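K.L.:
this one's sequence-less:
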């Protein structure tokens, strides 16, 4: 039994469901992790990756399903219990203390002690051993803050291994590392794999997943799509499974009448030339014409959000120029952008969108009011008219201008935000994931609204994780990969298949 | 039934209950407590005293309310009170004609202008340099009384100036001038925040700074403004306090007034986490604190026990606001309703 | 004479970052610091270096301008007069290292002082009075810690309430000052041990230095101490690292309360009386000392010895102003405020540089 070639799985999760109030975050998901294997967990935003990890590490409570660890059924009430059972997690944001030394970050809580006192000599020696096991040659006494993020990440792994982890969960560990650093991380992962540790690896970089993983499980909309051997799953298929549109469906969509009727291309409303920001998105060119919907396609982390933020003054670019109707402008901040009639709806509805304690009315008029300045309050009558109009037009429920926004559903909050931006009468509307996490009906309404706005002459930049949405709405599609804009295609001379290939980076059409 | 529930849910319900309770206790103890007598067309009585003593606190608390609404805090108001009083009295006392209304007007104007500058300084540290409010205003809190003493030369400057005395002890329309003035400032702030869009923008900045930025708000300017207002109002309060005693005591003028003001704001239902603010709540909070102070004397308890009372009130109020207690209360109130999703955001101030 | 004393008060030793034994154990330590030279000064030590520079400059200024400034007697008095504040600043350092703040220290010190005076007056023996008056501080600290951690009350507000509470209890005990006449205590505290060269120490100085030593050992050589730093570095990280965050957070307020208790007792004994208005504004001095001593207000970085230097700097300001003669005492507060501003801006600049 113990000596079989196919060793018993370290962790077997089966039939896992997790529910939050009103939402089924995970439904009947299986995940099996074998020792000495790197297992990639794949899926777009909201697919349920982090929920699954949290269910495994005792952060989220299961509403159904079982977790077997080493063949024993376990229920973890806290990450500490999971850790005690040999399941360690390293998160995307390094959860260490930068103000402490490397040795302390590895050993804190497990130091060698003589009586009540920490034996620093022994502790440092032991931390050096743990570093050496990962082929890391750094001074344990040095301050963690003096090291690069990559090394900090590796230190976090060293800490995870102090408790003899059988399963190491790496949750997007590479998102802020450069190529060399990623290689360093992979070397450590291979070392651990050889030692028989099971590794659950989450990354949105396909190259990396193919470089390191042995097996992968794909999630979509809280359900398991399937488990595959990495070597046997072509990249193209992986992408279409993640995006949720089978290739046939995409072809069908292609055949369906879509809004490819060419826009009269006069001068662009906005022209970005060589716009870029170090560490966030490589310099790119982009034109957006009046009445045109430009879709941004790309996986999570491809730079699609970062591009949108540069277009709207939310982040400041390092390089490049922006012209609005031929005039060079410097979009120093969102207020300047709004002054140029450019509105930006962020993907983070809660943290960068709604002002929860304020009412629907106040949220809708907020940007409008900001543009007028505080002294000239929008007369109540005008505000009521505007608000009533948008509540009616967008179908905001409850249709009560005095309801607090934080009590609305996600879809209605999104509509309130759309109303806020539309109320400023923008000429370019940049929408980052406006349909994420909202129900199907609201989704369709928002899509219809966007299409109508463009027909009326508004320029729109539309970002969505769902390719079919982008394909259905856009006149042109800019494809992002690895923080670069890799292609720009008109939606009438390209097949959805091409877009998937561009996203996956398997083939570049002429 | 639902109306009653709605009433108890109103955020001013409990503070008002406290106020009425305190007044009731006083009246039971001293039946003439609420009696107001009219002498020479001027009102007198314990109630009037509460208002008179509460006037400077109300001014300071109004500024504090706006600052707290932006997620800030201003610890320096007590020091500004001292500086303002010191400047005005020193200027008037050293002028050739302390009793001339012009002199008093100039002195008062200088004091208010300086308070505005001090508030602007705090606002600069917070909004431009980006220092945490508690620390930024700690600087002026520490240095401020030194500056006040520098101005008065370390003496308790006393003054003989009828026009100046009028500010503290005079009567207008039958009410103490300071009360009339405080009501006036309250009205101005109410109009300023609720008749313009300032109040909403302050709340937006306090609730969600990131969203406010994307919506194009000039957060920096708004934050700067509220500190400048807080400084100015503290300066006005300083004038009232020094005019009341006709002296500038750099050490003790406005001592702990920042704490009373914060307390009044909290009692009035404005959360220290920023966001929605209630000026009328602050007014009630000020009245509760002043009544509490008087109650202690009326009940025959030594006045020295007031801090103990305040401590009990603060602890009770903040514990009622604590998430742990709130969630317990909520789950009891509507045990069938879906629990709210745990807030993932962790605010480290 | 002058140079002799500049070396006699060895700022170099004071700076040995993590204290006795710590220099070799953590970080690049002082030796490495000196080898690598100023351009590669570890960011962590910049505020502390600032403290040292200011301290050195003050000694230099005083030494050059006034005779006898750097004499053993003046320097000893610096310690003797500020022994109680050193103890209180040590407690405040623990709290600020976790990213909190304690506004109650002045009132708690007063409570401890007046309680001890009251009990002495009632004829209680010193062996009971001393622990009792210190424990009252610990108890208030415990209440504060529980409010902050379990009820998620902001430290600022919780300690503010504790301040009112302690001050109120003071007033309940007595409004007027109570003299301390207990003979043993008076005679013990009156001792002054000469060390030669004009230097001398009192029992309060010895107690203060003992508290400092214990604090250094606890902060640098125990798991608890490292957890204090870890919480300041990032509370959620510390939690995910499985450290005892709750216990530690409550404990730092208990420590601060205890230190305030000791400090208040020392002050009462040295002034031979307990007074309910003692230490009004003392919290400002303690916070200022800790910040000027190079501890970051956001937590996670700083040293107890820095806070000691901070207290001594406050004392030096006062001493210089006294020596100057023509300057009035209120300049003390203004200079402290200016110094505080300088350090706060320095901290801000450092945190911006990091991002």
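P.N.:
Right, received. Where do you want to start? For clarity, every value in this text was computed on a predicted model and none was experimentally measured.

K.L.:
Quick check, the residue in chain C closest to chain B?
P.N.:
Nearest to chain B, among the residues of chain C, is residue C:337, at 2.3 Å (C-beta to the nearest C-beta). (C-beta placed from N, C-alpha, C; glycine too.)

K.L.:
Wait, that residue touches residue B:143, no?
P.N.:
Yes. Using C-beta atoms under 8 Å, residue C:337 is in contact with residue B:143, at 2.3 Å.

K.L.:
circling back: can you report how many residues neighbour the residue of chain C closest to chain B?
P.N.:
Residue C:337: 24 surrounding residues under other C-beta atoms under 10 Å in any protein chain shown.

K.L.:
Tell me how far the helix or strand where it lies lies from the chain's centre.
P.N.:
Assigned by DSSP states H and E, residue C:337 falls within helix C:331-354. Mean-position distance between helix C:331-354 and its chain equals 18 Å (C-alpha atoms, centre = their mean, to the nearest Å).

K.L.:
What is it packed up against?
P.N.:
In this structure, helix C:331-354 packs against helix B:133-152, helix C:46-65, helix C:282-292, helix C:304-324, with contacts taken as 3 or more C-beta pairs under 8 Å, 6 or more residues apart in numbering or on different chains; DSSP states H and E.

K.L.:
Pull the contacting residues for the residue in chain C that chain A sits nearest to.
P.N.:
Residue nearest to chain A within chain C: residue C:233 (3.2 Å; C-beta to the nearest C-beta). For residue C:233, the contact set (C-beta atoms under 8 Å, 6 or more residues apart in numbering or on different chains) comprises A:97, A:98, A:99, A:100, C:299, C:300, C:301.

K.L.:
can you count the residues close to the residue nearest to residue A:141 when sequence neighbours are not counted?
P.N.:
Closest residue to residue A:141 apart from its sequence neighbours, by C-beta to C-beta, 6 or more residues apart in numbering or on different chains: residue A:101 at 5.5 Å. Residue A:101: 27 surrounding residues under other C-beta under 10 Å.

K.L.:
ok, the residue of chain C closest to chain B - contacts?
P.N.:
Applying C-beta under 8 Å, 6+ apart, the residues near residue C:337 are B:139, B:140, B:142, B:143, B:144, B:146.

K.L.:
closest to residue A:216 among the residues you listed?
P.N.:
Nearest to residue A:216 among the contacts of residue C:337: residue B:139, at 55.9 Å, using C-beta to C-beta.

K.L.:
pLDDT score for the nearest residue to the closest one once chain neighbours are set aside?
P.N.:
Once flanking residues are discounted, residue B:139 sits nearest to residue C:341: 4.6 Å by C-beta to C-beta, 6+ apart. Listed pLDDT for residue C:341 reads 90.

K.L.:
tell me, how many neighbours does residue C:341 end up with?
P.N.:
Neighbour number of residue C:341 under other C-beta under 10 Å is 21.

K.L.:
if I look at it, how far off is residue C:249?
P.N.:
Distance, residue C:341 to residue C:249, using C-beta to C-beta, to the nearest Å: 29 Å.

K.L.:
least trustworthy helix or strand in the chain by mean pLDDT?
P.N.:
With no chain named, the answer covers chain A. helix A:247-255 (a mean of 45; mean pLDDT, DSSP states H and E).

K.L.:
Next SSE downstream of it?
P.N.:
The first helix or strand that comes after helix A:247-255 along the chain, using DSSP H and E, is strand A:270-277.

K.L.:
Next, the buried residues of the helix or strand following that following strand.
P.N.:
Downstream of strand A:270-277, the next assigned helix or strand under DSSP H and E is strand A:281-288. For strand A:281-288, the neighbour count (16 or more other C-beta atoms under 10 Å in any protein chain shown) marks A:281, A:282, A:283, A:284, A:286, A:287, A:288 as buried.

K.L.:
which strands and helices sit next to strand A:281-288?
P.N.:
Applying 3+ C-beta pairs under 8 Å, 6+ apart, one finds that strand A:281-288 contacts strand A:270-277, helix A:304-311, strand A:319-324, strand A:459-463, strand A:484-490.

K.L.:
Sketch out the low-pLDDT regions of the stretch 151-300 of chain A for me.
P.N.:
Low-confidence segments of the stretch 151-300 of chain A (pLDDT under 70): A:175-176, A:244-265.

K.L.:
How confident was the prediction at the residue in the stretch 101-250 of chain A positioned nearest to chain C?
P.N.:
Of all residues in the stretch 101-250 of chain A, the one sitting closest to chain C is residue A:120 (4.1 Å; C-beta to the nearest C-beta). With respect to pLDDT, residue A:120 scores 88.
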